[in-house]
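J.: Quick check, what structure comes out for this input:
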Amino acid sequence: MVLRRLLRKRWVLGVVLGLSLIYFLTSTLKQEERTVRDRNLLEARDPDRRIPWKIRFNLGNSSRQITQCRNSIQGKTLLTDELGYVCDRKDLLVNGCCNVNAPSSRQYICKSCLTNGCCNVYEHCVSCCLQPDKQPLLEHFLNRAADGFQNLFTAVEDHFELCLAKCRTSSQSVQHENTYRNPQAKYCYGESPPELLPI
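T.: You can find the predicted model right below:
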């Protein structure tokens, strides 16, 4: 009852409105600051920065010890590690690498990929993209990347991250923003989009 009478007073409503306006303006300015800072960070990146391409070692013959591997993480049953091995999730070692001695582990699998670089399985796309002979294709793509994609790919630090980003479905994989151009080959590392299948 007392609260209801208090809220009917104009000065109380004015204070509430004023505080709401101050909150709105400060949060808007903070958002603008973050946007400007992020834009400056992207512009400050060296446009001539080159992706460090990994040198491939045959793990069986190498004295090099792999201590940690990054992997594609998201696969329900399959994973790809940064060395290009695809394995069942159960064959992933504690260090994040696929167990190369497991029967499910294969390096540079392109089994579900078409000649245009589009694949049916995300992990196969990443593995196939990691093949050393795909480096010229990826460098050509980076050199020709549109401004819209430039911001995405400036955050990429190496070959593995580039393949992870490139193989994710993008606007090039869909038509009319709601259907895949080719539902059987929607993960692409190549330059051209998937073939448009008739409906």
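J.: helices or strands up against the helix or strand hosting Pro136?
T.: Applying DSSP states H and E as the criterion places Pro136 in helix 135-144. Helices and strands touching helix 135-144, by 3 or more Cβ pairs under 8 Å, 6 or more residues apart in numbering; DSSP states H and E, are helix 159-167. Bear in mind the C-beta positions are built from the backbone N, C-alpha and C, glycine included.
J.: re the thing from before, what's the angle from the helix holding Pro136 to helix 159-167?
T.: With axes from the mean of the first three to the mean of the last three Cα atoms, to 10 degrees applied, the angle from helix 135-144 to helix 159-167 works out at 70 degrees.
J.: Alpha carbons of helix 135-144, as PDB, please.
T.: The C-alpha trace of helix 135-144 is given here as PDB (Å, rounded to 0.1, in the frame of the first residue of the first chain):
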ATOM      1  CA  GLN A 135      48.800 -25.800 -48.600                       C
ATOM      2  CA  PRO A 136      48.800 -23.900 -52.000                       C
ATOM      3  CA  LEU A 137      45.000 -24.100 -52.200                       C
ATOM      4  CA  LEU A 138      44.600 -22.700 -48.700                       C
ATOM      5  CA  GLU A 139      47.200 -20.000 -49.300                       C
ATOM      6  CA  HIS A 140      45.400 -19.000 -52.500                       C
ATOM      7  CA  PHE A 141      42.200 -18.800 -50.600                       C
ATOM      8  CA  LEU A 142      43.700 -16.600 -47.800                       C
ATOM      9  CA  ASN A 143      45.100 -14.300 -50.400                       C
ATOM     10  CA  ARG A 144      41.700 -13.900 -52.100                       C
END
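J.: Tell me the buried residues in it?
T.: 138, 141-142 (16 or more other Cβ atoms under 10 Å).
J.: Mind checking the pLDDT average for that helix?
T.: Mean pLDDT, helix 135-144: 79.
J.: Can you get me the centre-to-centre distance for it and its chain?
T.: 17 Å (Cα atoms, centre = their mean, to the nearest Å).
J.: What are the boundaries of the helices in the protein?
T.: Listed in chain order, the helices found in the chain under DSSP state H are 2-8, 10-44, 122-129, 135-144, 147-154, 159-167.
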